[in-house]
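> When you get a sec, could you give me coordinates for this:
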Amino acid sequence: VRAEMQAAQSISFLGIVAGAAAFAGGWNWFRRVALPALALLALAMPLPAPLLHDATARLQTLSASGAQALLNVTGFAPVTRSGNVLIMPQYTMDVDTPCSGLQTLLTAIALSVALALLSDLPRARSLVLISLAVPVAILSNVLRIALIGVIGECFGATPAHNLHDASGYLGTVFCSGLLLFAMWRMGCHRLAGQPLF
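Prediction:
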């Protein structure tokens, strides 16, 4: 109940800020300046608990099955899956809630919105960039889990756990690089008034 109350309060706060901004600056100013800022602010709102749990569970399953498929397709090792547990000949890995990739997904969405707002891309291509955040984040998490599995199978649990702790940061860097590459391929030349590359 508390999480739902926080979500309702956040939505109400966002509505009040939006109304005050439109009243103070007029519609044109609101559309050009305040609306993009409010879009970023909306990403900081806590998600309702049922939506959060459902998204986490779906991402866990998707990440585990994706990593299993990747490891099997590459022929690295035979991998079976029991729920969200990946079983290899020498290493077993549980894709638990922190490994679902939800934090990576939320970070990628926030980053893509910020990049779209700061870029010189047309609106349609900016929306494409934002929509790319979801597959980019999922791909990043699948690669991360598969890499941890490879390290665990080859070198044991301790190196795999050490990589697990650092791999979240690597995933964020990977997502950022892919989003910047996508911007460049879509014809973006300037970011915040500066050359993209």
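> domain ranges for this protein?
Here the domain parsing of the chain from automatic domain parsing is 1-46, 48-195.
> Would you map the strands across the protein?
Under the criterion DSSP state E, the chain contains strands at 80-82, 85-87, 92-94, 190-191, 194-195.
> Turn the ones you listed into a markdown table, columns for mean neighbour count, mean pLDDT and distance to Leu52.
(Glycine included, C-beta is placed from N, CA and C.) Formatted as a markdown table, those follow (neighbours: other CB atoms under 10 Å; pLDDT from 0 to 100; distance: least, CB to CB, whole Å):
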| stretch | mean neighbour count | mean pLDDT | distance to Leu52 |
| --- | --- | --- | --- |
| strand 80-82 | 12 | 94 | 24 |
| strand 85-87 | 17 | 94 | 22 |
| strand 92-94 | 17 | 93 | 20 |
| strand 190-191 | 15 | 87 | 31 |
| strand 194-195 | 7 | 86 | 36 |
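> Looking at the ones you listed, spot the one closest to Ala108.
strand 190-191 (16.7 Å; CB to CB).
> Work out the gap between the closest one and the centre of the chain.
Distance of strand 190-191 from its chain centroid, counting by CA atoms, centre = their mean, to the nearest Å, is 22 Å.
> Give me the contacts around it.
Leu115, Leu118, Ser119, Asp120, Met183, Leu196 (CB atoms under 8 Å, 6 or more residues apart in numbering).
> Buried only: go through the residues you listed for me.
Leu115, Leu118, Ser119, Met183 (16 or more other CB atoms under 10 Å).
> ok, the residue nearest the centre of the chain to Gly75 distance?
The chain has Leu105 as the residue nearest its centroid, 1.5 Å off, counting by CA atoms, centre = their mean. Separation of Leu105 from Gly75 (CB to CB, to the nearest Å): 29 Å.
> Just to check, Leu129 is in contact with Met183?
Yes - using CB atoms under 8 Å, Leu129 is in contact with Met183, at 6.1 Å.
> Quickly list what's touching both of those two.
Leu115, Ser119, Leu121.
> Let me have those residues in a markdown table, extended by distance to Arg81.
Shown next, in a markdown table, are the shared contacts of Leu129 and Met183 (distance: CB to CB, whole Å):
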| residue | distance to Arg81 |
| --- | --- |
| Leu115 | 35 |
| Ser119 | 39 |
| Leu121 | 39 |
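> Could you point out which of the residues you listed is nearest to Leu51?
Leu115 (24.9 Å).
> ok, now which ones touch Ile143?
Actually, residue 143 is Leu rather than Ile. Contacts for Leu143 were tallied using CB under 8 Å, 6+ apart; they are Leu70, Gly171, Phe174.
> still on that earlier bit, output the contacts of strand 190-191 in a markdown table, with pLDDT and distance to Ser10 appended to each entry.
Below are the contacts of strand 190-191 laid out as a markdown table (pLDDT from 0 to 100; distance: CB to CB, whole Å):
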| residue | pLDDT | distance to Ser10 |
| --- | --- | --- |
| Leu115 | 90 | 24 |
| Leu118 | 84 | 24 |
| Ser119 | 88 | 27 |
| Asp120 | 89 | 31 |
| Met183 | 93 | 29 |
| Leu196 | 81 | 33 |
